[in-house]
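Student: Kindly return the folded structure for what I paste below:
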Amino acid sequence: QVQLVESGGDSVQAGGSLRLSCVASTRIYYVGWFRQAPGKEREGVARIDGVGTTTYADSVKGRFTISKDNAKNILYLQMNSLKPEDTAMYYCAEDEYYCPSQRDFSYWGQGTQVTVSS
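Tutor: From the prediction side, this is the model:
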């Protein structure tokens, strides 16, 4: 059982930056950030695998950076040039193996709210 706790969400103005953190209770392997805005389906934001390979949603490429500290079991999401459309609840998720779909992730955090005002 892996416990994930997100933090770092806040209310910021457009153009601002935030760094989200996700602290895991054990070693993390394949991890990702997801977000869900009110009335919308949850969508993938970024993922990082066991060797550090990253993938991003087109909407955040060049603005967001996913990284992890394997020694501390922490996943990060650096978010720059934030836009109002980035407003959502952000979740981290983890699994021991590659997950083709978000439904495949075994463990999820409770989420942290990001609100971007124009």
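
Student: show me what contacts V23?
Tutor: Applying Cβ atoms under 8 Å, 6 or more residues apart in numbering to V23 gives the contacts 4-5, 7, 72-74. All C-beta spots, glycine's among them, are computed from the backbone N, C-alpha and C.

Student: so what's L75 closest to, chain neighbours aside?
Tutor: C22 (4.1 Å; Cβ to Cβ, 6 or more residues apart in numbering).

Student: partners of the one you found in the sheet?
Tutor: Here C22 sits in beta bridges with E6, L75, going by DSSP bridges.

Student: Run a quick neighbour tally on Q13.
Tutor: 10 (other Cβ atoms under 10 Å).

Student: Please read the previous query as pertaining to S7.
Tutor: By other Cβ under 10 Å, neighbour count at S7 equals 12.

Student: what do you get for the one 10 residues further on?
Tutor: The burial count assigned to S17 is 11, neighbours taken as other Cβ under 10 Å.
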